[in-house]
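Novice: What follows is a predicted protein model with its sequence.
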Amino acid sequence: MPRYRRARAPGASYFFTVTLHDRKSDLLVREINLLRRCVRAARDRHPFHIDAWVVLPDHMHCVWTLPPDDADFALRWQLIKHGFSSRLPKNEPRTSSRQRRRERGIWQRRYWEHLIRDERDYARHIDYIHYNPIKHGHVTRLADWPYSSFHRAVAAGMYPPDWGDAPSEQGTKFGE
């Protein structure tokens, strides 16, 4: 069995991509209120700061900053994913492997995590998160995508309200 190595730095900022098993599903936006409750419950038990977040139909991206003495983002994701899955009807198809392990078929088993290296890396990941609804063709104006911290960033003066709307080079610079 492969051993996955994850960077662990207490108090650091991390970028995450978390994906549904069914990439054609719209479950995350259909059940956005449940997802929000699960995130809130995980934060209540194990605090973290949400620097940026976007929820798309089948995946989400976010940047979190953990408390100074804490590097356990895995526990937080476990709480969020389990809390979300356990509150949904058990009607998704499951492989025999998932059945043997008593796993739901909602989430991909792993997630992408990246330890933010510096201010430039942080800014690029925040921009990537906020640009994602346009990148995936869900909207042509970021202000039209309701499941994003972009709105909070605009209110805080981090972006102009029309940031990312006009075709430009900025969207082509963002990679997965």
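Specialist: Perfect, thanks for sending it. Quick caveat, the model's predicted, so the values are computed rather than measured. Numbering: from 1, shown residues only.

Novice: next SSE after the helix or strand of the chain with the lowest mean pLDDT?
Specialist: Taking mean pLDDT, DSSP states H and E as the measure, the helices and strands of the chain show their lowest mean at helix 96-100, namely a mean of 77. Going down the chain from helix 96-100, the next helix or strand is strand 112-115, by DSSP states H and E.

Novice: got the CA coordinates for that following strand in PDB?
Specialist: Backbone C-alpha positions of strand 112-115 (Å, rounded to 0.1, in the frame of the first residue of the first chain) are rendered in PDB as follows:
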ATOM      1  CA  TRP A 112      -4.900  17.600  -3.100                       C
ATOM      2  CA  GLU A 113      -3.100  19.600  -0.500                       C
ATOM      3  CA  HIS A 114      -0.300  22.200  -1.000                       C
ATOM      4  CA  LEU A 115       1.600  24.000   1.700                       C
END
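
Novice: Can you name every helix or strand that it contacts?
Specialist: Applying 3 or more Cβ pairs under 8 Å, 6 or more residues apart in numbering; DSSP states H and E, we find strand 112-115 packed against strand 13-19. C-beta: built from backbone N, CA, C; applies to glycine.

Novice: which residues sit against the first helix or strand past the strand it packs on going along the chain?
Specialist: Once strand 13-19 ends, the next helix or strand along the chain (criterion: DSSP H and E) is helix 27-30. If you take Cβ atoms under 8 Å, 6 or more residues apart in numbering as the criterion, helix 27-30 is touched by 20, 35, 55-60, 88, 106, 147.
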